[in-house]
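*Asks:* how does the following fold in three dimensions:
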Amino acid sequence: MAPGPKVVLVTGVSRDLGRRFARRLAAEPGVGRVIGVDAVPPRDDIGDVTFVRADIRNPVIAKVIAKEDVDTVVHMSVIATPGSAGGRGTMKELNVIGTMQLLAACQKAGSIRRLVVKSTSTVYGASSRDPAMFTEEMQPRRQPSSGYAKDVAEIEGYVRGFARRRPDVTVTTLRLANVLGPHVTSPITSYFRLPVIPTVLGFDPRMQFVHEADLMRVLTHCVHHEVGGTFNVAGDGVMLLSQAVRRLRKPAVPLVRPAVGGVAAVLKSARMADFSPEQLGFLTFGRGIDTTRMHTELGFEPSFSTEQAFADFAAATGPVASPVERIVDGLAASLSDPARAGVPGG
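*Replies:* Model prediction:
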């Protein structure tokens, strides 16, 4: 007997990417219903998606899964920046406690057959001792002690535990490179949208990107195909930060690494960018991820290479809303103050 139409629950639909994915999925052949879940309603139209206002940190999520007879869960509500969550404590709760409650609900639900988790290559960290390319079996050279990277490491640990307890469920974890596109708002897109790009003096990190359209495609692919495991996901090829800045046609200001911390504080106070220790490490050392398994085992082929994803983002990048003078003044203050800039004698 052929399986009936899928009933898919998508978390994190109050944010743009989650809302857009849920709406896209609702129009897919073979998908009967899509239930979008978040603690606050989406700001824009979600089409045929059924929205349920529920906080995944609360055990009530188990009732939603049971009532709707959900067979597939796509977990997209892992938050990268404390500012968007209301502080680091709330971010930790949403990411880790929320995932734990969601997995506990999935474990109890006999209807669940598939779990797709949107993770990130940030879990590998960024250091001077990194390999040229991280494969899925590799561990970070330095275990994260705080922040987003630690949250993701804990989340993936809980997901692996769930997979062991429910071997009847196909569990797919996607470690995505930075997602770019005209509609994406994230720490890395906020950085590239600055009128002046601060870089770390003496470093030119390698970068890989996933186009927002390919994010939607790979998540949809995982809903339709029962391929379990952990997969790196990125567009083909790599770029250097210097290449990216040139293509944006914006000035770059190289600073010694301690000075970037001062600049980051200025950017955060001006609400122009939300730097984290993970982002500073990435902008210093970069990161490369091997996508062989994405091609051979997951069976997914991105439509955009890394360079094409960046080109599409760059073409749509316009002027920032905040005055340019604020960032220029902040950079000037950091450079003129030896203590902030970390330069002996100024």
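*Asks:* host element of the nearest residue to Ala244 once chain neighbours are set aside?
*Replies:* The shortest distance from Ala244 to any non-neighbouring residue, by Cβ to Cβ, 6 or more residues apart in numbering, is to Phe310 (5.9 Å). To be clear about C-beta, it is placed using only N, CA and C from the backbone, and glycine gets the same treatment. Secondary structure from DSSP states H and E places Phe310 in helix 306-316.
*Asks:* need the contact partners of that helix.
*Replies:* The set of residues external to helix 306-316 that reach it, using Cβ atoms under 8 Å, 6 or more residues apart in numbering, is 177, 180-182, 184, 189, 192, 207-211, 214, 234-239, 244, 247-248, 304.
*Asks:* out of the residues you listed, list just those in helices.
*Replies:* Judged by DSSP state H, the subset of the contacts of helix 306-316 located in helices is 189, 192, 214, 244, 247-248.
*Asks:* now the two most distant members of these.
*Replies:* Longest distance between any two of the ones in helices among the contacts of helix 306-316 is 20.9 Å, between Asp214 and Leu248; criterion Cβ to Cβ.
*Asks:* is the nearest residue to Lys250 once chain neighbours are set aside in a bridge, and if so with what?
*Replies:* The spatial neighbour of Lys250 that comes closest, neighbours along the chain excluded (Cβ to Cβ, 6+ apart), is Ile197 at 5.5 Å. Taking DSSP bridges as the rule, Ile197 bridges to Ala252.
*Asks:* now do the same contact list for Ile197.
*Replies:* For Ile197, the contact set (Cβ under 8 Å, 6+ apart) comprises 191, 245, 248, 250-253.
*Asks:* which one of those residues is nearest to Leu201?
*Replies:* Taking Cβ to Cβ as the measure, Leu201 lies nearest Val253 of the contacts of Ile197, at 9.5 Å.
*Asks:* stretch 236-249: which residues count as buried?
*Replies:* The neighbour-count criterion (16 or more other Cβ atoms under 10 Å) identifies 236, 238-239, 241, 244-245, 247-248 as the buried residues of stretch 236-249.
*Asks:* what residues does it touch?
*Replies:* With Cβ under 8 Å, 6+ apart as the criterion, stretch 236-249 contacts 192, 197, 199, 203-209, 252, 283, 286, 288, 291, 302, 305-307, 310-311, 314, 317.
*Asks:* if you set the cut-off to 6 Å instead, what comes out?
*Replies:* Stretch 236-249 has contacts (Cβ atoms under 6 Å, 6 or more residues apart in numbering) with 197, 204-208, 252, 305-307, 310, 314.
*Asks:* which pair in those residues spans the largest distance?
*Replies:* With distances taken as Cβ to Cβ, the most widely separated pair in these is Ala252 and Ser305, at 23.1 Å.
*Asks:* and those two? which has more neighbours close in?
*Replies:* The neighbour count for Ala252 versus Ser305, taken as other Cβ atoms under 10 Å, is higher for Ser305 (19 against 15).
*Asks:* okay, the closest residue in space to Asp290 that isn't next to it in sequence and Glu28: tell me how far apart.
*Replies:* Counting by Cβ to Cβ, 6+ apart, the nearest residue to Asp290 once its immediate chain neighbours are dropped is Met133, at 4.2 Å. Distance, Met133 to Glu28, using Cβ to Cβ, to the nearest Å: 32 Å.
*Asks:* now do the strands in the stretch 101-250 of the chain.
*Replies:* 114-120, 170-176, 178-180, 197-200, 206-207, 209-211, 229-233, 239-240 (DSSP state E, counting those that start in this stretch).
*Asks:* what about the last one, distance to the chain center?
*Replies:* In this view, strand 239-240 has its centroid 19 Å away from the chain centroid, taken as Cα atoms, centre = their mean, to the nearest Å.
*Asks:* how many neighbours does the residue lying closest to Glu136 once chain neighbours are set aside have?
*Replies:* Spatial nearest neighbour of Glu136, excluding adjacent residues (Cβ to Cβ, 6+ apart): Thr230 at 4.8 Å. If you count neighbours by other Cβ under 10 Å, Thr230 ends up with 20.
*Asks:* you'd agree Thr230 is up against Thr135?
*Replies:* No: the criterion here is Cβ atoms under 6 Å, and Thr230 misses it with Thr135 at 10.1 Å.
*Asks:* so what pLDDT did the residue nearest to Gly47 when sequence neighbours are not counted get?
*Replies:* The shortest distance from Gly47 to any residue that is not its chain neighbour, by Cβ to Cβ, 6+ apart, is 4.4 Å, and that residue is Arg23. Residue-level confidence at Arg23 comes out at 97, pLDDT.
*Asks:* next SSE downstream of the one helix or strand Arg23 maps to?
*Replies:* Element membership for Arg23, per DSSP H and E: helix 16-26. Toward the C-terminal end, the helix or strand that comes next after helix 16-26 (DSSP H and E) is strand 31-38.
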